[in-house]
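Asker: this is a predicted model, with the sequence first.
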Amino acid sequence: MPNLKESLEEIYNKLFKAFGPQNWWPAETTFEVIVGAILTQNTAWVNVEKAINHLKKEKVLTPLALKKVPLKRLALLIKPSGYYNQKAKKLKNFIDFLYKEYQGSLSKMFREETFTLRKKLLKIKGIGPETADSILLYAGNKPIFVIDAYTRRVLLHHHLIEGKLDYSSLQKIFMQNLEHHPQLFNEYHALLVRLGKEFCRATPKCKDCPLEGLN
DNA sequence: GACCAGGCACATC
DNA sequence: GATGTGCATGGT
């Protein structure tokens, strides 16, 4: 039985070989990544894209414009992404934070020490661990590993974990066994999502899974 | 017409 | 501390 570090490296290599680079996060600006991270909570990405396109078309996909747009109007613009009343508030909560702490400057925000920023993000109502980490990794290019439903499903399906581990335990598995390179964490998470979408769903075995023969 | 999708906050036990 | 529930749209 190889150790965890070797298993994680092998998984990455197999997935990269099978799928190639995933080019996450699909966005034109840093701010768009952050908005997407909030809108995609428990929501299919195609629906998030519709919402983001509305925001682009109405030219409110900047911190200042989002600060100015009325809550009700914002909610209607993001309606396709689901939970739109909740998410409109969440976006406003983030904007309030951004202006209060960093005068609306994302680059100033990301100059904050990573774990200090993470703690602050988690205090925002509507931003939990996955959203905070997605912002840090995919918008801020910080070496933080993102855990999500797919990650958990893949690890369980391939018996790399047993039972239910909480978010931070799962995150430790990756962060204690891999080099802290943002690009590696970025690609690895994206590859796990890709695998989870296409495999690791059927039981007991998935046909042609890139990780077949791992265990 | 179920069931699901790149969660989170809050209530209740 | 664990478990349950509301939030809501659009695709399969």
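Answerer: Yep, that arrived. Note that this is a predicted model, so its numbers are computed, not measured. Numbers count the residues shown, from 1 in each chain, chains lettered A, B, ... in the order given.

Asker: where along chain A do the helices fall?
Answerer: Residue ranges of the helices in chain A, as given by DSSP state H, are A:4-19, A:30-39, A:45-57, A:63-68, A:71-77, A:84-102, A:106-110, A:114-123, A:129-134, A:149-157, A:167-175, A:182-198.

Asker: quick one: low-confidence ranges for chain A?
Answerer: Counting by pLDDT under 70, chain A shows low-confidence ranges at A:1-2, A:202-205, A:215.

Asker: interface residues of chain A facing DNA strand B?
Answerer: Within chain A, the positions lying close to DNA strand B (C-beta under 7 Å from any atom of the strand) are A:24-26, A:36-37, A:40-45, A:47, A:82-83, A:86, A:124-132, A:134, A:138, A:148-150, A:193, A:197, A:201. In short, each C-beta sits where N, CA and C put it, glycine included.

Asker: what subset of these is buried?
Answerer: Neighbour counting over these (16 or more other C-beta atoms under 10 Å) leaves A:24-25, A:36-37, A:40-41, A:47, A:82-83, A:124, A:126-127, A:129-132, A:134, A:138, A:148, A:150, A:193 as the buried ones.

Asker: ok, which of these also contact DNA strand C?
Answerer: Near DNA strand C, by the rule C-beta under 7 Å from any atom of the strand, you find A:47, A:82-83 out of those.
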